[in-house]
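> The amino acid sequence is not available; the structure is as follows:
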């Protein structure tokens, strides 16, 4: 591939630390100590460290979609820094450590359409296929052409086709499966100064078009960032509403009969989207509000965002236990009132809200 406007990759050798608090590496500012923490400047360096590590391992980059328990991680934590963007053959390859929003800004500046509505999302490019990151009518599965993966068990590097990744709503073959390490992601983007057809009503309204119309890439990006900022979803050190993992709960997907029962219990039509034959996705934020939780609902040192009920935030000095207690309170009340269980969207590491499973990477 021919390189185009890459970000410096680092490659200056691994830096090792013992007992470092993981709260310094997550956007929630939560997480206890790591037995060993290793900072690397490339995916290749990360593979070397992971291959040699003894005991459990965990990979972090932006730390924006993870909840780490107060006891920390009794193993090796690899912190991936550095990145790069390369373009050739109709594809754009992004290194796993690349800051995601910097990549989106690059696509807009270079007339590459397909991920502009994913502007302002914190974290790294390597995390996007794991979560099948999506927002404002786009998700990465729509444009991913391949994912380069190191298989720990076979000790081999291979490019996975999209169908092998088993993308689903906020899910993939990589989520909750520590066998695979994402090294880079290839995107197939349209050469155009226009966005993809706007698929989200709120974004269409903000840009002054009808759903299905296209707008200039920069206009779409600016509108998405402003919408996200208004919900406390753009990182800001001075704004505790952004000390979060983004949307904490996924929108529940239920059968049509469950949705009709839910509509009867709520006395109206909850915001929803059809996602297939007989399946409906319901707004988690709306359910939280309907269950009586207001923006800013507080429990100790954590609270729902004052801007958006779907974000659980650290108001300063919080513990992961406090955050999980609030998550359990919200999920229990929604289930009690409406018979629908909300499930966390972030990866949980030695941490679990009541009714959910903690992931334990190795």
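It's in. The shown structure was predicted, so the numbers you read here are calculated from the model rather than taken from an experiment. Numbers count the residues shown, from 1 in each chain.

> Grab the nearest non-local neighbour of the residue nearest to the spatial centre of the chain.
Nearest to the mean C-alpha position of the chain, by C-alpha atoms, centre = their mean, lies residue 65 at 4.8 Å. Distances taken as C-beta to C-beta, 6 or more residues apart in numbering place residue 346 nearest to residue 65, at 4.9 Å, with adjacent residues excluded. C-beta: built from backbone N, CA, C; applies to glycine.

> Same question for residue 271.
With C-beta to C-beta, 6+ apart, the residue lying closest to residue 271 is residue 283, at 4.0 Å.

> Just the element for residue 67, please.
Residue 67 is part of strand 66-68 when elements are defined by DSSP states H and E.

> Please give the centre-to-centre distance between that strand and its chain.
For strand 66-68, the distance from its own C-alpha centre to the chain's C-alpha centre is 12 Å (C-alpha atoms, centre = their mean, to the nearest Å).

> after it, next one along is what?
Heading C-terminal from strand 66-68, the first helix or strand you meet, by DSSP H and E, is strand 73-80.

> Tell me which residues touch residue 202, please.
If you count contacts by C-beta atoms under 8 Å, 6 or more residues apart in numbering, residue 202 has them with 136, 227.

> Roughly how far does it sit from residue 296?
Taking C-beta to C-beta, to the nearest Å as the measure, residue 202 falls 21 Å from residue 296.

> Just give me the neighbour total for the residue nearest to residue 271.
One way to gauge burial is a neighbour count; for residue 283, by other C-beta atoms under 10 Å, it gives 16.

> Without its sequence neighbours, what residue ends up closest to residue 33?
In this structure, residue 33 finds its nearest non-sequential neighbour in residue 72, 4.2 Å apart by C-beta to C-beta, 6+ apart.

> Residues in contact with whichever helix or strand residue 164 is part of: which ones?
Here residue 164 is covered by helix 162-165, with elements defined by DSSP H and E. Residues external to helix 162-165 that are found in contact with it (C-beta under 8 Å, 6+ apart): 129, 141, 144-147, 172-174.

> Show me which positions of the helix ranked longest in the chain end up buried.
The helix that spans the most residues within the chain, counting by DSSP state H, is helix 320-338. Of the residues in helix 320-338, those buried by neighbour count under the rule 16 or more other C-beta atoms under 10 Å are 320, 322-327, 330-334, 338.

> Also stretch 299-311?
Residues of stretch 299-311 classed as buried by neighbour count (16+ other C-beta under 10 Å): 299, 302-311.

> closest to residue 47 among these?
residue 311 (33.4 Å; C-beta to C-beta).

> ok now do that closest one, which residues does it touch?
Residue 311 touches 231-233, 241, 244-248, 304-305, counting by C-beta under 8 Å, 6+ apart.

> Please report the distance of it from residue 242.
When distance is defined by C-beta to C-beta, residue 311 is 8 Å away from residue 242.

> Over to residue 153?
The separation that residue 153 has from residue 242, given C-beta to C-beta, amounts to 38 Å.
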